[in-house]
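Enquirer: mind looking at a prediction? Sequence and model below.
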Amino acid sequence: MTVEIPVEKWSGKVIEVALGATAEEGGTRTHAVTVGGQTTLPFLHFEGAIPYPPRIAIEISDQRPGDWSPLLLEAWGDVVKDPAAWAKAAEEAGAELILLQLSLTKDGDTPVTVADAQAVTRQVLDATGLPLIVFGPGQVDADNELLVAVAEEASGERLLLGICEEKNYRTIVAAALAHNHLVTARTAMDVNLAKQLNILISDMGLPLNRIVMDPTSAALGYGMEYGYSVMERLRIAALQGDKMTQLPMLVTVGYEAWRQKESKVGVGVPEAWGEWEERAILWETLTTTTLIESGADIVIMRHPEAVRRARVFIDRLMGK
Amino acid sequence: MSRYIATRAIRGSNALVAEAEALLKQAVEEKGADTPVAFPNTAYFLPVTFGMLAHEVNTLGDLEFSLAHAKKLLHPLPEDNLWVPYLGETLDSGMATLLAAEAIEGVRFAYGEEPTLYPGLELAGSTSYPQLNGTGHLNGPIDDIQLRSWGIQLVDGRMPGFAALVGAAHSNEAAVAIVRELQRRNILTFLCGNTNGRSVIDQLHEEGVEMGYDTYIVPFGTDTISAIYPLGFATRSALTFGGLKAGQWRDILIYNKFRVFAFVLALGEVDDLKYAAAAGAISYGFPTIADTVIPEILPTGVTRYEHVISMPWNEIEAETEEERAAKMVQRAIEVRGVKVKITEVPVPVAYGSAFEGEVVRRADMRAEFGGKNSRAFEYLLMAPMDEVEDGKIELIGPGLDTLDEGGSMDLALVVEVAGRKMQEDFEPVLERQFHYFINGASGIQHIGQRDITWIRISKAAAEKGFDLKHFGDILYARFHADFGAIVDKLQIKIITDPDLHAEWLAKAREAYDFRNRRLADLTDDAVDTFYSCILCQSFAPTHVCVVSPQRLGLCGAYNWLDCKASYEINPTGPNQPIQKGQCLDDDKGYFAGVNEYAKMASQGTVEEVTMYSIMENPMTACGCFECIVMVIPEANGVMVVSREDPSMTPAGMTFSTLAGIAGGGLQTPGIMGVGKFYLTSPKFVSADGGFKRIVWMSSFLKETMAEEFKQVAEREGDPDLIAKIADETICTDVEGLLAYLESVGHPALTMDMMF
Ligand code: SF4
């Protein structure tokens, strides 16, 4: 018996967004990385086009991250003290994009200054040719101050700047407009909120092909299915032709997976949980692969081994 | 369009274009066509010319093209005996003026005559001219670095806009007062031009006002021609932040009209050239406010609101120059539509939604207003723009200090609101906010609304200095912050004076009464727009509430007026207008527009929806419903269970079990979630027989809505109807229900069969 595979005819298409600018485009990246362009649900190659694979970004930090699991710090070794070296190591570990996370303070409690933020951005840009994502520390005033400076320092590089949220997006968007960058728009697991923020940002004049949305993800066991469902709905709405949902999606899986007990805690947990490091890597890998299945276009990861495994998974799904 | 203004603007532009041509000709002869022309530190060539014509000016020779184009835009003076609308000609002349002015500045740069020298002036930050060392000169054009840095603030809203002051103020004192007023509001101040040889720049310099980038005051030049620099700044903003390309002139102007909140203050006598330049500014959507008598251009069109306003300085009613300046700037802001932003509520106690639920006990009470011993009421009304002085808060009558500890007093909170988008219909929507706003103050308790308002101030709050006036501060700050989209100005009267209190109470009651009647008249048939609410899609992804005048949202929190106001405030928010479109079935309430919207917003899950039927394509429910309505087939009617009722029902399920069936954004014929006030609507399941179908209802509803239901019963022509409806104290099963209905002769038993 032959099984006939039902094929859906979607009218919509995910917008193609290119991160990073090469010398020709006014930047210094060795190549740009494009995401989006799908005309079907994830990996239904028989149904529509999936021109680009999901992209793996590796997260690095401007300071040695004080709150990271010792497993992660061990995996990366000494480079965590040197953002430039770390960026190189991340590239070697298979990153297609680098996320540079800015901190609020350095050496305990002196605030990170505009000059610090510009310097570290420059170092990372010099160290790698990959397109760069830069996130502010996550505190409104600091985000605005530092990201405006970073935008200026890297003018024309088509950085992806984050994080725009409903309560604070105008300054970051204005900086992106002024210096030819992109922004990421984060909302809390809600289709309509995501749409609304996309509308608000594009109302400021930033073209949709310079916005990536972050619908907020959660880790395996911590509400991932809710995030999954929101992403799936966003993607279905996009394919149905709803313009304001047709943006590629980014998820911070590394952050989510590594703040949970299963990956953070090595002692005093049930034996059945198994070996700590393997468990933690699995946690990040599974969170990543699952959210990729729901439509994630950019996954921001932390552990090199999880990255390697996710890469194998992506290659297989892309038919390589 | 005023013919007077048209004539003078056209005359001014003709003269300036001729002057530019002569200058250019001479310059080319003297220095050669290849001589470089550039504004320093900018990548936009001569920006207005570049934006308008996509023409890159690099040399004197390149300017010939600009002026040739300017000439094409010139018009002859209007004839004395011919009256036509001159707006088009005037705007063309404005454009010609800008091209000519920019060309002249270009030539001056070629000669090294720009920036204008100004001995003795130290700028606090300016465009840098290496040969001048930053002293003894005016700024000339703003450089690209400053453009980006201010541009970001203009785009993200930290800076509301910019004001171009052209000419000289009435006096030095007036000049300083105007500039201080602008600074206070964070508005960028650009200075240019002169009146009879005196410039506002001279005035400020004499008064020792520090100018430069750092103080947000930029002196461009002492002639009107330098007014081209602010417009160049505006053009570059559109190119930088609007993603526009040179030559997209129309889009550049539209960008400025909607996004750059700038205006021109014409100080002193307005000559031909100033009229011509003002005409250029109008094209950008920037209105002109003059401090002398000139003809006004009030009708809107190119600018958002009025085009030209005259506010003769001496006629502004005020005691001091500062007050005059404040009034003039305030007026300019209104005309341009700049919004005031207030982020903090200035009261001496903690403020935030966390305090909303606070109770002030009698023992802890400093004073109370309303309740048993006095009368308090609140009244918000719309007033004409010119009758409201923004931020005016008056306490009329004795203050808190005249009251004994624990005492009580009559109080009125009267708020007059003006706004270009304000509507009378929004009065009750805004008035209802008093409750939340006032309750946000720690140590203050607010209950009720209208003339049953009851407010208590705690001893702790009074000790911290909370006074009656602070009610005004709270309302002022919150209305601007939360409802800025519809509220432009508000003034507040806090009345304790007995006579005035009585007078306003009478007015307020008249208004309450009027609003009640208005609500009664507001029927589904009388409007052509319903509103959606999709707030609950966060947890019920396919659910859409369609809110009509006669059917409020099922949570009870959003009626049609609320949705309408919410849409004005937040046009991209969860409440969107739905054009009813063609009525497909009057009885059941099928509307083409509603179907279309429901299908779109439910991602195709709901194809059709009725407004007035429970049996056919009923509206979906999320889970927030105040009541559940469900058909009891045996009784040929419906039961209504309220959220407050934990008991068993004749359907064999309690509210919580029923909720699982009714919710989730699915259409289930025979069961529906509703807001309790929908029960009293003449459109309540009207396709299925209406209110008379109710055979059973939670006693909680019967008690809490006794008044309303009494009226419904009368409307239905059966005054005893409510008593005929069973409740959980009478029966909780079908057998008991049928027996009861028989015994009282409930009308449902003899109505058409529901199935
Ligand atoms: S239940 Fe209320 S809040 Fe929810 S969608 Fe309906 S009207 Fe909006």
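Expert: Good, I have the coordinates.
Enquirer: can you give me the strands in the stretch 601-750 of chain B?
Expert: Using DSSP state E, counting those that start in this stretch, the strands of the stretch 601-750 of chain B run over residues B:627-632, B:637-642, B:671-674, B:694-697.
Enquirer: mind checking the longest strand of chain A?
Expert: Criterion DSSP state E: the longest strand present in chain A is strand A:55-61.
Enquirer: ok so, going back, in CSV, list the strands of the stretch 601-750 of chain B along with distance to residue B:250, mean neighbour count and mean pLDDT.
Expert: In this view, the C-beta of every residue, glycine as well, is placed from N, C-alpha and C. Below are the strands of the stretch 601-750 of chain B laid out as CSV (distance: least, Cβ to Cβ, whole Å; neighbours: other Cβ atoms under 10 Å in any protein chain shown; pLDDT from 0 to 100):
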stretch, distance to residue B:250, mean neighbour count, mean pLDDT
strand B:627-632, 54, 25, 96
strand B:637-642, 58, 26, 96
strand B:671-674, 50, 25, 95
strand B:694-697, 60, 26, 97
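Enquirer: gap between the residue nearest to residue B:587 when sequence neighbours are not counted and the ligand?
Expert: Spatial nearest neighbour of residue B:587, chain neighbours left out: residue B:687 (5.0 Å); criterion: Cβ to Cβ, 6 or more residues apart in numbering or on different chains. According to Cβ to the nearest ligand atom, to the nearest Å, residue B:687 stands 21 Å off from the ligand.
Enquirer: who's in contact with residue B:410?
Expert: B:369, B:374-376, B:496, B:498, B:501 (Cβ atoms under 8 Å, 6 or more residues apart in numbering or on different chains).
Enquirer: give me that answer again for 7 Å
Expert: B:374-376, B:496, B:498, B:501 (Cβ atoms under 7 Å, 6 or more residues apart in numbering or on different chains).
Enquirer: just residue A:256 next, same as before
Expert: Here residue A:256 is in contact with A:217-219, A:287 (Cβ under 7 Å, 6+ apart).
Enquirer: go again with 8 Å.
Expert: Residue A:256 touches A:217-219, A:222, A:287, counting by Cβ under 8 Å, 6+ apart.
Enquirer: pretty sure it sits in a helix.
Expert: Yes: when DSSP: H, G, I helix; E, B strand; the rest coil is applied, residue A:256 is found to be in a helix.
Enquirer: hmm, back to that, contacts with chain B among the contacts of residue A:256, please.
Expert: Subset of those in contact with chain B: empty, counting by Cβ under 8 Å from any Cβ of the partner chain.
Enquirer: nearest to residue B:213 among the residues you listed?
Expert: residue A:217 (43.3 Å; Cβ to Cβ).
Enquirer: burial measure for that closest one, as a count.
Expert: By other Cβ atoms under 10 Å in any protein chain shown, the residues close to residue A:217 number 30.
Enquirer: in contact with residue 182, which residues?
Expert: As the question left the chain open, I've gone with chain A. A:17, A:19, A:158-161, A:176, A:210-212 are the contacts of residue A:182 under Cβ under 8 Å, 6+ apart.
Enquirer: looking at chain B here, not the other one
Expert: So residue B:182 contacts B:163, B:188-189, B:329 (Cβ under 8 Å, 6+ apart).
Enquirer: so how far is residue B:260 from it?
Expert: 16 Å (Cβ to Cβ, to the nearest Å).
Enquirer: and if you look at residue B:395?
Expert: Applying Cβ to Cβ, the value for residue B:395 to residue B:260 is 40 Å.
Enquirer: who has more neighbours out of the two?
Expert: residue B:260 (23 against 18).
Enquirer: give me phi/psi at that one?
Expert: phi -110, psi 110 (degrees, to the nearest 10).
Enquirer: ok, it touching residue B:161?
Expert: Yes: the pair residue B:260 and residue B:161 qualifies as a contact (Cβ atoms under 8 Å) at a distance of 6.6 Å.
Enquirer: between these two, what contacts are shared?
Expert: residue B:154.
Enquirer: around chain A, pick out the residues from the stretch 101-250 of chain B.
Expert: Checking the stretch 101-250 of chain B against chain A by Cβ under 8 Å from any Cβ, the hits are B:148, B:151-153, B:155-158, B:240-243.
Enquirer: can you rerun that using 10 Å?
Expert: Residues of the stretch 101-250 of chain B lying near chain A by Cβ under 10 Å from any Cβ of the partner chain: B:144-145, B:147-149, B:151-158, B:237-238, B:240-244.
Enquirer: equivalent analysis for chain B, please.
Expert: B:144-145, B:147-149, B:151-158, B:237-238, B:240-244, B:255, B:259, B:534-539, B:541-542, B:570-574, B:600-601, B:603-604.
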